[in-house]
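>>> What follows is a predicted structure for the sequence shown.
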Amino acid sequence: IAIIGTGGIGCWISLQLAVAGVGEIRLIDHDVIELTNLTRQILFTEKDVGQKKVDVAKRALELRNSQCQIIAVDCRVDSTNDAQNAIRGSDFVVLSADFPPEIHNWIDEACRLEKIPYMNVGYVDDGGIVGPLIIPGKTPCLSCIEGAGNPLTEEASEINRRKRAPSYGPLNGLISSVASIEILKFFGDFAPLLTKGKAYIIDSVTL
């Protein structure tokens with residue numbers, strides 16, 4: 001499983017999948033740890049400030065499950081080609097990065113070209129967004145969903161006109177857990193996938 005972004009969501013999901021027994025996790029990020037990250041990025045400590053996120057996350061995950069192969073990929077995704085190179089060979093992709101905004105289109109296209117399922121996980125204000133889970137050949141691509149006037153996308157834009165996502169630690173954990181359940185269902189095939197071709201906004205205030 002390749003995870004684009006090792007911020008609050010990437011940390012939570014990688015931890016949950018590693019201890020669940022996923023065989024290989026590829027962490028893709030180019031950022032360094034800042035003190036303000038620690039409100040939600042649970043794999044890091046104050047001693048890690050200034051270090052590469054993927055390197056510290058790799059060490060933290062290996063302490064939890066030594067049988068899970070953790071691959072740290074220190075790279076910036078700035079195009080579809082970058083995305084393809086980063087995710088090639090994966091069985092599943094989690095997109096938890098939200099910058100630059102075009103990254104959603106790059107990952108969507110890259111996963112379509114590589115025929116890899118992927119899920120978007122993010123948040124705006126106090127709402128967490130889980131999905132859609134895009135499965136090439138079985139669901140519409142993200143651009144098709146948005147082109148059809150997806151009301152969820154419109155609502156997310158209305159909620160957060162500035163396109164900036166403030167951090168809220170418990171919300172990161174909540175939506176990451178929901179996303180991890182969906183990913184485990186995808187591989188284990190033990191229950192219906194609720195996010196297949198769909199996305200949900202979970203209001204952290206009202207649940």
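Received the coordinates, thanks.

>>> next helix or strand past the longest helix anywhere in the chain?
Longest helix in the chain, counting residues (DSSP state H): helix 169-188. Counting by DSSP states H and E, the next helix or strand C-terminal to helix 169-188 is strand 200-203.

>>> Name every strand pairing with that following strand and say which way it goes.
Sheet pairing for strand 200-203, assigned by DSSP bridges, gives strand 127-134 (antiparallel).

>>> follow-up on the earlier one: would you mind listing the outside residues contacting the longest helix of the chain?
Residues from elsewhere that reach helix 169-188 (C-beta atoms under 8 Å, 6 or more residues apart in numbering): 1, 8-9, 12-13, 16-17, 20, 39-40, 42, 91-92, 94, 117, 119, 121-123, 126, 128-131, 133, 191-195, 200, 202, 204. In short, each C-beta sits where N, CA and C put it, glycine included.

>>> got a list of what residue 27 touches?
3, 6, 10, 14, 53-54, 57-58, 70-73.

>>> Please, which helix or strand holds it?
Residue 27 belongs to strand 24-29, assigned by DSSP H and E.

>>> Can you give the contact residues for whichever helix or strand comes after that strand?
Once the chain leaves strand 24-29, the next helix or strand it forms, by DSSP H and E, is helix 53-64. Outside helix 53-64, the residues that touch it by C-beta under 8 Å, 6+ apart are 6-7, 10-11, 14-15, 18-19, 25, 27-29, 31-33, 41, 43-44, 48, 68, 70-74.

>>> roughly how far apart are the residue nearest the centre of the chain and residue 118?
In the chain, the residue lying closest to the centroid (C-alpha atoms, centre = their mean) is residue 96, at 2.8 Å. Distance of residue 96 to residue 118, given as C-beta to C-beta, to the nearest Å: 11 Å.

>>> repeat for residue 10
Taking C-beta to C-beta, one finds residue 10 at 14 Å from residue 118.

>>> list residues touching both of those two?
With contacts taken as C-beta under 8 Å, 6+ apart, residue 10 and residue 118 have residue 94 as neighbours in common.

>>> Could you tell me which ranges of this structure sit under the pLDDT cut-off?
Where the chain drops to pLDDT under 70, the residues are 146-166.

>>> repeat that with 80
98-99, 101, 124-125, 143-167 (pLDDT under 80).

>>> quick one: strands adjacent to the strand holding residue 27?
In the sheet, strand 24-29 lines up with strand 2-4 (parallel), strand 69-74 (parallel) (DSSP bridges).

>>> are any of the contacts of helix 169-188 buried, and which?
Taking 16 or more other C-beta atoms under 10 Å as the criterion, what is buried in the contacts of helix 169-188 is 1, 8-9, 12-13, 16-17, 40, 42, 92, 94, 117, 119, 121-123, 128-131, 133, 193, 195, 200, 202, 204.

>>> quick one: contacts for the residue nearest to the centre of the chain?
Residue 96 touches 3-7, 9-10, 13, 121-122, counting by C-beta under 8 Å, 6+ apart.

>>> Quickly note the distance from it to residue 39.
Applying C-beta to C-beta, the value for residue 96 to residue 39 is 16 Å.

>>> Ok, residue 111 next?
Distance from residue 111 to residue 39, by C-beta to C-beta: 30 Å.
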